[in-house]
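# need a 3D model of the following:
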Amino acid sequence: MMFWDSEVAKRLLAQGALRPLDVQFARFIGKQAVLAGHNAAESELLSVLSAALSAELGRGHICLPLCDAQSNRCDLAALIGLYGEASLQHSERWLAVDWQALLQASPLVGQQGEAVPLMFDGARLYLHRYWHYEKQLAARLTELAAPQRLSPAELANLRERLNTLFARDYLGLWQALQQKPLSSVERIQLLNDRLDVVESDALDWPAIEAVVEKAQRAADLQALEQLIPLTHCLNWQKVAAAVALTRRFAVI
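Now for the predicted structure:
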């Protein structure tokens, strides 16, 4: 008896674990698999996998990963709503199947956009049209994310504007230094944090501390411009602004 004619399959439908659409799609793939030359066992396996894929689409997922993020094989029984004793009847057999080999050998499954109902990228199974949508979206996002070509003059202007917008806040640094007595280690940590230092070991800290200790007002800290050059610092807000200004699409 085929799985879709069993009492188990009927219960899955009655309980709402699977939709009629999922079962009809599974039956369709099963019939097409037989016509394509698969034996009965392979045809049933492909139909069950197709039901799981259709059910995942119904839950809002565009594809069916064969493994999870930890590389554990997907529990096909759970995906179609089988649990407990009913699951034990099938999950052991399904977990032993080499799904990748079955899909790669099937005439019903493509990898490069062939005119077939299913697409498999080596890790995820898709309905053909959703695979196509994802490819289109990925290509468009890649195109938009490419850096815009700027002339040397435009780059210089952009650099100047960013340096102005993200200028160092020496007044805020001065006020933080005056709040309470700080040890040498605490002062260095404060300077690293406030000035976005990422290459601390390359700096002349005795000279830097001398400037800080002698400073009588915020303007005196301007001497740190030479001692802590921007080449040793990284302001991530500034980087994010630069990325947004030089690409038509960016995720910040």
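# in stretch 168-184, which residues are buried?
168, 170, 173, 174, 176, 177 (16 or more other CB atoms under 10 Å). Bear in mind the C-beta positions are built from the backbone N, C-alpha and C, glycine included.
# closest to residue 154 among the residues you listed?
residue 168 (24.4 Å; CB to CB).
# next up, the contacts around the closest one.
195, 224, 225 (CB atoms under 8 Å, 6 or more residues apart in numbering).
# ok, now residue 34?
40, 43.
# buried stuff in whichever strand or helix holds it?
Assigned by DSSP states H and E, residue 34 belongs to helix 20-35. The neighbour-count check on helix 20-35 (16+ other CB under 10 Å) flags 22, 23, 25, 26, 27, 29, 30, 32, 33, 34 as buried.
# mean confidence score for that helix?
Per-region confidence: helix 20-35 scores 94 on mean pLDDT.
# now residue 90. Nearest residue, chain neighbours left out?
residue 77 (5.4 Å; CB to CB, 6 or more residues apart in numbering).
# and residue 223, by the same measure?
Residue 223 sits nearest to residue 211 (CB to CB, 6+ apart), 4.8 Å away.
# how near is the one you found to residue 52?
Distance, residue 211 to residue 52, by CB to CB, to the nearest Å: 66 Å.
# and for residue 93?
For residue 93 relative to residue 52 (CB to CB), the value is 15 Å.
# okay, these two: which has more neighbours?
Shown here are residue 93 and residue 52; by other CB atoms under 10 Å, residue 52 has more neighbours (24 against 12).
# isn't that one right up against residue 66?
No. Counting by CB atoms under 8 Å, residue 52 sits too far from residue 66 to count as a contact (10.2 Å).
# what do these two both touch?
Here residue 52 and residue 66 have residue 74 as joint contacts, going by CB under 8 Å, 6+ apart.
# mind putting the contacts of residue 168 into CSV with secondary structure?
Formatted as CSV, the contacts of residue 168 follow (DSSP: H, G, I helix; E, B strand; the rest coil):
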residue, secondary structure
195, coil
224, helix
225, helix
